[in-house]
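Engineer: here are the coordinates; sequence isn't available:
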């Protein structure tokens, strides 16, 4: 069982820390991989993505490619689409048949 994170901090309840189910845990892991800058994590230079450094236009094809590259090693996670936002990207993916999304 994993504790739920929101904006980099644990979610607290009156009973302690809130936990999340398996799908939300995977979603949190996807967000961490996509948000981390590729090449900056010392133990594993392949961890992370280049989405936040993406300055090429149009952004959507590059963001999709960077997300697919970053999530390549995660079993059961497949990028299904990208929607550009003003300065971020909304990444849609499937986890074992269930659709989820994150904003990076």
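Structural biologist: Sure, I can see it. Since the structure is predicted, the reported quantities are computational estimates derived from the model, not experimental observations.
Engineer: now the helices: where do they sit in the chain?
Structural biologist: 22-35, 59-70 (DSSP state H).
Engineer: right, so of the ones you listed, which gets closest to residue 98?
Structural biologist: Nearest to residue 98 among the helices of the chain is helix 22-35; the distance by Cβ to Cβ comes to 5.9 Å. C-beta: built from backbone N, CA, C; applies to glycine.
Engineer: For the helices of the chain, could you give me CSV that also reports mean neighbour count and mean pLDDT?
Structural biologist: As requested, the helices of the chain are exported to CSV (neighbours: other Cβ atoms under 10 Å; pLDDT from 0 to 100):
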stretch, mean neighbour count, mean pLDDT
helix 22-35, 17, 89
helix 59-70, 19, 88
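Engineer: could these go into TSV alongside distance to residue 52?
Structural biologist: Output for these, formatted as TSV (distance: least, Cβ to Cβ, whole Å):
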stretch	distance to residue 52
helix 22-35	7
helix 59-70	9
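Engineer: of all those, which lies closest to residue 2?
Structural biologist: Comparison of these against residue 2 by Cβ to Cβ identifies helix 22-35 as nearest, at 4.5 Å.
Engineer: I'd assumed residue 6 was in contact with residue 24.
Structural biologist: No. The pair residue 24 / residue 6 is not scored as a contact, 10.8 Å apart, by Cβ atoms under 8 Å.
Engineer: pLDDT-wise, which helix or strand of this protein ranks last?
Structural biologist: Least confident helix or strand, the chain: strand 5-6 with a mean of 78, by mean pLDDT, DSSP states H and E.
Engineer: Next up, the contacts around the residue positioned nearest the centre of the chain.
Structural biologist: For the chain, the residue nearest the mean C-alpha position is residue 31 (2.3 Å; Cα atoms, centre = their mean). By Cβ atoms under 8 Å, 6 or more residues apart in numbering, the contact set of residue 31 is 102, 104.
Engineer: measure it to residue 103 for me?
Structural biologist: 9 Å (Cβ to Cβ, to the nearest Å).
Engineer: cool, and residue 65?
Structural biologist: 18 Å.
Engineer: What of residue 17?
Structural biologist: Relative to residue 103, residue 17 is positioned 23 Å away (Cβ to Cβ).
Engineer: now residue 94
Structural biologist: Distance of residue 94 to residue 103, given as Cβ to Cβ: 17 Å.
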